[in-house]
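J.: Curious how this folds, go ahead:
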Amino acid sequence: MEQLKTIGRELAMGSQGVWGSSKEFLELVKTIGEAKSKAEEERIVLAEIESLKRRIQEPDVPRKKMKEYIMRLVYVEMLGHDASFGYIHAVKMTHDDNLLLKRSGYLAVTLFLNEDHDLIILIINTIQKDLKSDNYLVCCAALTAVCRLINEETIPAVLPQIVELLNHQKELVRKKAVMALHRFFQRSPSTVSHLFPAFQERLCDRDPSVMSAVLCALYDMILVNVKPFKHLVASLVSILKQAVEHRLPKSYDYHRTPAPFVQIKLLKILALLGTGDKAASENMFNVLGDILKRSDSTSNIGNAILYECVRTLTSIYTNPRLLQNAAEITAKFLKSDSHNLKYMGIDALGRLIKITPECAENHQLAVIDCLEDPDDTLKRKTLDLLYKMTKANNVEVIVERMVEYIRNISDNHYKTEISSRVIELAERYAPSNQWFIQTMNQVFEIAGDLVPQKVAHDLMRLIAEGAGEEDEDADSHLRSSAVQAYLQILKEPKLPSILLQVISWVLGEYGIADGSHSAEFIIGKLCDIVATRPGDDKLKGYVVSAITKICAFEKAAGQTVDLIPECVSFIEELYASHSTDLQQRVYEFHAVLKLDRDTLASILPMDASCEDIEVDKDLSFLNSFVESALANGSRPYLSDNERRGMGAMTTLASNNDAGTSSLLRFQPYEKPSIPEPAAALVTASHYSQDAIDQHDIYSSAITVSTSSKAPESSSNDGTRLKLEGVQKKWGRPTYTPEAQVPKNPINISDSVKVSSSAAGKEASSRNSSAPPYTERKQPPQEISAEKKKLAASLFGSKAGDTKAKPAAKLQQNGTSKKAPAKPTSPPPPAPAPPPADLLDLSDSLPQTPSVDPVDQLADLISVDSSAATSTTSLVEQVFDAGKVATKGPSPQASLQKDAVSRQVGVTPSGGTNPDLFKDLFG
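T.: Next up, the predicted model:
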């Protein structure tokens with residue numbers, strides 16, 4: 001028997017195989033089909049892949065053989081394996097002149113590649129050439145590839161050729177050209193928006209296949225925008241009438257129904273065009289009436305046309321006669337034994353009741369039968385219909401049916417959807433608050449955590465607000481019934497978390513309100529709730545808050561509360577909880593217990609959860625505090641945008657205008673005035689360029705002159721700091737490289753002449769006004785343990801581990817992004833070692849510490865300029881007393897040197913030689 005089957009299969013396929021394929025390929029297909037396991041199939045396919053890799057790379061492979069290899073690659077890809085090594089050969093085959101090979105290449109390329117593949121660029125030129133071919137089959141193959149491979153970026157490359165093909169003499173080419181343009185619209189509507197007239201022209205094509213292709217494109221365009229196509233109503237109605245009257249070729253009939261798919265597409269388009277347009281709807285009434293009369297209700301395709309006609313009638317302006325015919329057709333659908341027709345009838349009835357609600361009363365029994373049908377899809381569709389039919393008089397029955405359906409399904413998606421509908425209907429048409437609470441409890445119990453949190457909050461608000469009337473007895477009865485209902489629900493073995501949260505809140509607010517239950521009893525129930533879900537921190541927070549309110553209510557009423565042992569252990573356990581929210585609630589609980597009776601009655605009054613809380617958004621109670629702080633020099637409040645850097649330039653500019661900016665200033669310093677005439681000239685020649693270290697280049701000369709004449713002469717010789725060519729070093733010094741030996745000796749050409757009297761008065765003036773260094777030094781602020789803990793929580797590191805940031809970071813334009821910190825004063829000058837021999841080139845040269853000039857500049861900014869011009873007092877008295885040292889360096893020269901050097905930002909190093917540049921070069 002097996003041999004006969006094999007012989008019959010070979011005779012059917014032919015000795016040369018299907019479509020000229022070899023027996024080897026047929027054996028491969030047969031072997032894979034007869035594989036008994038997935039592992040065996042994998043082994044066969046992997047062996048085939050290795051064989052194809054070897055054969056494709058062989059030189060001079062015949063074209064017919066290459067075509068078979070590519071078809072085998074397609075088969076390998078269909079089985080889920082990678083055949084990318086042969087993609088390029090499929091692309092090459094599209095360039096072949098042979099029609100069969102070209103179409104095979106296009107077929108393989110459309111299956112292998114997607115629109116974003118890198119090889120698409122190699123096919124564009126071939127497609128452009130084939131679109132201009134005289135052979136319409138080549139054009140069709142290229143158009144088929146265009147629909148699959150052309151992306152938004154490559155549409156302009158082929159769009160002109162495709163537009164020209166709309167007027168091709170072959171109807172197949174015109175249809176495929178319309179399909180290609182439809183595909184372009186789906187990918188990039190803007191590229192074909194100017195071609196709407198071309199689509200309308202093809203709508204009147206003499207071939208019905210082209211017209212049907214245009215209908216599909218027009219439907220998508222009308223979905224986007226209806227207005228440009230309103231004028232097509234008459235043409236579409238004419239086409240639909242011709243189709244209904246059997247004027248299309250017989251080849252378009254299906255089960256003796258004339259062009260049913262064209263009719264369905266036209267009805268969908270007319271439904272879009274007639275929505276909200278009375279004039280357009282009136283043009284459709286006649287043809288819709290003909291469809292309702294002529295359609296065959298004994299076949300599925302006829303019923304499909306009738307159903308689409310009912311949908312169109314419910315979308316456009318109403319016509320009583322046609323709506324009556326639609327209701328009769330709907331009744332036939334509902335009375336049918338077919339589940340498909342019943343489904344269509346339920347959907348059609350749902351559309352009809354939006355226009356004529358009374359029509360649903362005639363089909364009550366049919367709807368109930370569909371609701372009790374074992375078909376789950378039909379039952380769900382019937383529930384959708386009931387949801388649309390719900391009113392205040394039938395809400396209880398419909399909600400009961402929906403709740404019963406939720407109990408019997410396990411799909412979470414549909415359970416969530418139907419639960420939300422039940423909640424919506426209960427909120428809209430609830431006959432009483434008790435019924436609403438009972439319904440919500442059922443939904444919470446069945447749907448569980450699938451119910452949104454907002455629903456739980458709404459239920460709590462309803463219980464707190466009561467009946468909505470000024471009837472305290474009714475409100476108390478509602479809350480007492482809710483407490484009793486929840487105590488009964490707690491007997492269930494397993495309850496969802498969201499329902500337990502609601503129960504905890506209700507018991508905490510109203511558990512002891514009516515006096516029927518003691519505080520110990522309610523607290524015990526709350527502890528039992530926590531025991532059911534020991535890992536739910538959110539539920540624990542609800543329970544702690546409920547216990548806190550119960551204890552506060554009892555203490556405010558003058559009664560004592562004895563916590564049961566379970567509650568005590570639960571509270572003590574939360575002290576070590578990882579949740580900061582729970583810890584805060586526990587500490588608040590103990591703080592509440594320590595308050596007196598009157599305080600508790602004011603902060604936690606009974607039944608005050610829905611009282612309005614007045615919130616002062618402007619925080620006006622802080623106005624006096626803010627005004628006093630601003631008067632004491634505090635900075636004004638910055639908005640969020642200013643804190644994030646927006647408007648920073650405006651803020652900085654205003655600070656500079658107010659004189660409160662602490663940013664670095666780069667304008668030249670004003671020349672200090674000396675009260676008594678004195679002359680001091682300090683000049684320094686240019687250093688040799690070779691003597692300067694490559695890392696610290698200071699090539700400009702610094703000239704400081706102090707005039708002893710009238711003030712007008714001092715304006716000509718103003719003291720200023722020249723920074724041209726000087727390397728900028730900003731921030732605190734972190735690392736100073738060792739001083740290197742200069743290549744050439746340093747020659748100082750000019751000596752330094754210092755006036756002792758001017759120096760003494762200059763130094764005394766500065767020292768008398770400026771505070772000593774020890775007074776200006778600020779001790780480091782200690783970081784509190786709380787700040788360290790907060791920093792560790794936010795950044796994952798200790799507060800003490802943070803490194804000091806630079807004082808200021810400059811932008812490229814020379815302005816600072818951030819105000820620098822308050823500069824610290826430099827230490828007192830230390831005695832310098834003896835000067836080194838400039839001719840000694842050995843490595844053992846004395847090292848002097850390098851000082852960053854910018855840090856010294858910061859000192860100059862922070863020091864008041866009046867310090868340099870203040871009168872001398874202490875130093876002049878010392879010199880007048882004749883207590884000047886007779887040995888060592890001259891005190892007058894040292895003081896004068898110190899005063900002048902501080903004007904240029906240099907800290908004197910001391911020593912016998914008054915070298916102003918020694919501190920700069922280290």
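
J.: Can I get stretch 231-240 in CSV? Just the C-alpha atoms.
T.: Provided in CSV are the C-alpha atoms of stretch 231-240 (Å, rounded to 0.1, in the frame of the first residue of the first chain):
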residue,chain,number,x,y,z
HIS,A,231,-18.9,65.2,-3.4
LEU,A,232,-18.4,61.5,-4.2
VAL,A,233,-21.7,60.4,-2.6
ALA,A,234,-23.7,60.5,-5.9
SER,A,235,-21.0,58.6,-7.8
LEU,A,236,-20.7,55.9,-5.1
VAL,A,237,-24.5,55.6,-4.9
SER,A,238,-24.6,55.1,-8.7
ILE,A,239,-21.9,52.4,-8.5
LEU,A,240,-23.7,50.6,-5.7
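
J.: Would you mark the buried spots in that stretch?
T.: Leu232, Val233, Leu236, Val237, Ile239, Leu240 (16 or more other Cβ atoms under 10 Å). Placement of C-beta: from N, CA and C, glycine included.

J.: Reformat those as CSV; add pLDDT and distance to Asp449.
T.: Formatted as CSV, these follow (pLDDT from 0 to 100; distance: Cβ to Cβ, whole Å):
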residue, pLDDT, distance to Asp449
Leu232, 92, 52
Val233, 93, 51
Leu236, 94, 51
Val237, 94, 54
Ile239, 94, 54
Leu240, 94, 52
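
J.: What is the nearest of the residues you listed to Val173?
T.: Nearest to Val173, judged by Cβ to Cβ, of these is Ile239 at 22.0 Å.

J.: contacting residues around that closest one?
T.: The neighbours of Ile239, taking Cβ atoms under 8 Å, 6 or more residues apart in numbering as the test, are Leu203, Met211, Val262, Leu266.

J.: and it, what helix or strand is that in?
T.: In this assignment (DSSP states H and E), Ile239 forms part of helix 233-244.

J.: what's the answer for His81, then?
T.: His81 belongs to no helix or strand when elements are defined using DSSP H and E.

J.: Quick check: it touching Arg43?
T.: No: using Cβ atoms under 8 Å, His81 is not in contact with Arg43, being 11.9 Å away.

J.: tally of neighbours for His255?
T.: Using other Cβ atoms under 10 Å, the number of residues around His255 comes to 11.

J.: Tell me if I'm right that it and Ser299 touch.
T.: Yes: if you go by Cβ under 8 Å, His255 and Ser299 touch, sitting 5.1 Å apart.

J.: So what touches the helix or strand hosting Tyr414?
T.: Tyr414 belongs to helix 412-429 when assigned by DSSP H and E. By Cβ under 8 Å, 6+ apart, the surrounding residues in contact with helix 412-429 are 380, 383, 387, 390-392, 395, 398-399, 402-403, 405-406, 409, 435-436, 439-440, 443, 446-447, 450-452, 455, 458.

J.: If we use 6 Å, what do you get?
T.: With Cβ atoms under 6 Å, 6 or more residues apart in numbering as the test, helix 412-429 has contacts from 387, 390, 392, 395, 399, 402, 406, 409, 436, 439, 443, 447, 450-451, 455.
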